[in-house]
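> Predicted model, plus sequence, below.
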Amino acid sequence: MLEKVAPKAPEFVVKLHDKSVRPTERVTFECKVEAEPDAKITWFKGEEKLAEEPGKLHVESEPDGTQRLILESAEPSQEGDYSCVAENPLGQAKTEAKLTVECIHFNFYKLNFITAFTSFPKISTDWAR
């Protein structure tokens, strides 16, 4: 005999965690929600609702309530706050995390090289930039 499951508003039992990655790395945000009836899941970046983009961004939803947002190749423009919202007729729940894309910044300074050497036979030296 099947047990009747009590109605339940969405609740995140595993929340999103902040991520810090380098450009081009794959990013997976993962959380797990419990709800009865099942919750409708919506992903956001800031206030913007996200839609799947083949080869760039996709979402996965497992029968046990595990939800994933996958960014195939992180870009600086994708940095920001991400959230997963779960809704059913009994309520709504939200979990949030921040994505940081760590770019390497170089500071270039003028360098002066001073050399002194002697050789036999005499040679010449050229410096190139």
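Nice, thanks for sending it over.
> Do you have the helices of this protein handy? List them.
For the chain, helices defined by DSSP state H do not occur.
> okay, which residue is most central for it?
With distances taken as Cα atoms, centre = their mean, V27 lies nearest the centre of the chain, 4.3 Å away.
> isn't that residue right up against S20?
No - applying Cβ atoms under 8 Å as the test, V27 and S20 come out as separate, 9.8 Å apart. Quick note: C-beta positions are derived from backbone N, CA and C, even for glycine.
> and for these two, which residues touch both?
L99 (Cβ atoms under 8 Å, 6 or more residues apart in numbering).
> number of nearby residues for K32?
17 (other Cβ atoms under 10 Å).
> Please name the residues that touch the closest residue to it other than its chain neighbours.
For K32, ignoring the flanking residues on the chain, the nearest one in space by Cβ to Cβ, 6 or more residues apart in numbering is V14 at 3.8 Å. By Cβ under 8 Å, 6+ apart, V14 lies in contact with E30, C31, K32, T66.
> Who are the contact partners of the first one?
What it means is E30. V14, L16, T66, Q67, R68.
> Could you measure from the fourth one over to V13?
When you say that, I think you mean Q67. 11 Å (Cβ to Cβ, to the nearest Å).
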